[in-house]
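Chemist: quick one, fold the following:
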Amino acid sequence: MRVLVVDVGNTRVKSAVVEDGRVVDYPPYDRLGDVDADGILVLSVVPSRTSKVLSLFNRDTVVVEKVKDSSLDELFPEQLGVDRVCAMLGAISRYPAPLVVVDAGTAVTVDFVGRDGKYVGGFIMPGVELCLKALANGAELLPYVSPEKIDGEVWEVEYTTEGSMLRGCVLGIAGGVDSIIRRMELHTGMQFFRVGGGGEFDLLTGWLSVDEIDNDIIFLGGWRLYVEGR
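Modeler: The predicted structure follows:
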């Protein structure tokens, strides 16, 4: 089955065509209405933007905004964002459980799945850009710093305010995620396979160790959600 999966996030709208469990295309936003697919699934954590995305299509579209809208409420709690659920479903289809999915976007989510495929628990923290904005908005003398990938060693001495803010946010988030995973491993006695992804994950690359970087898992999970829900 060929399904167009659209992920409506806080920062951007992403999409992919998944056919028989494999991503085959990434159509641009302005061409979504022209995509040839057997079905369309819209995953949204921003209800205020959902209707605008739906206006692109002149055919029936399945919209999922909460887990209770699906058949997964026995595996995942109702209040869990559907984007997080689909990322875990997609990761399970590709990688060995137990596993942890680190999705770095506007927020950084760290979600754990046990050996039985059930949700173990999760954590949320600000993303790099949100962290930098909070510093600029909360401290009068601190400037806004645009997030960018750090070159060189993160432990190098930084003499500028801008550089100190960027390195502090990046290393703070990467270290926080790593600490969460290690503590969960001690708490559960499980060794979690690490999967990273998201629009800001490249900012953390080099400072946070993962086994795989995979930005397709949310689309694969959406495809599974659509197919199993039929």
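Chemist: outline the domain layout of the protein.
Modeler: 1-92+214-230, 96-210 (automatic domain parsing).
Chemist: just give me the lowest mean pLDDT stretch among those.
Modeler: If you rank those by mean pLDDT, domain 1-92+214-230 sits at the bottom with a mean of 88.
Chemist: run the chain-centre distance for that one.
Modeler: 13 Å (CA atoms, centre = their mean, to the nearest Å).
Chemist: quick one: the domains of the chain as JSON lines, columns for mean neighbour count too.
Modeler: Backbone N, C-alpha and C define where each C-beta goes, glycine included. JSON lines is the format used below for these (neighbours: other CB atoms under 10 Å):
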{"stretch": "domain 1-92+214-230", "mean neighbour count": "18"}
{"stretch": "domain 96-210", "mean neighbour count": "17"}
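Chemist: so is the residue lying farthest from the centre of the chain in a helix, a strand, or just coil?
Modeler: Among residues of the chain, the one most distant from the C-alpha centroid is residue 159; the distance is 33.0 Å, by CA atoms, centre = their mean. Classification of residue 159 using DSSP: H, G, I helix; E, B strand; the rest coil returns coil.
Chemist: that one and residue 167: what is the separation?
Modeler: Using CB to CB, to the nearest Å, residue 159 is found at 11 Å from residue 167.
Chemist: and residue 59, its phi and psi?
Modeler: When read as degrees, to the nearest 10, the backbone of residue 59 gives phi -140, psi 170.
Chemist: contacts only, for the closest residue to it other than its chain neighbours.
Modeler: In space, and not counting its chain neighbours, residue 59 is closest to residue 40: 7.0 Å by CB to CB, 6 or more residues apart in numbering. Counting by CB atoms under 8 Å, 6 or more residues apart in numbering, residue 40 makes contact with 3-4, 6, 57, 59-62.
Chemist: what's the closest of these to residue 27?
Modeler: residue 4 (7.3 Å; CB to CB).
Chemist: tell me the bridge partners for the closest one.
Modeler: Assessed by DSSP bridges, residue 4 has beta-bridge partners residue 17, residue 40.
Chemist: what about residue 124, which SS state?
Modeler: With three-state DSSP as the criterion, residue 124 reads strand.
Chemist: from residue 127, how far out is the residue lying closest to residue 217 once chain neighbours are set aside?
Modeler: The shortest distance from residue 217 to any residue other than its chain neighbours is 3.1 Å, reached at residue 90 (CB to CB, 6+ apart). Distance from residue 90 to residue 127, counting by CB to CB: 20 Å.
Chemist: from what I can see residue 105 touches residue 198, true?
Modeler: Yes. Taking contacts as CB atoms under 8 Å, residue 105 lies within contact range of residue 198: 4.4 Å.
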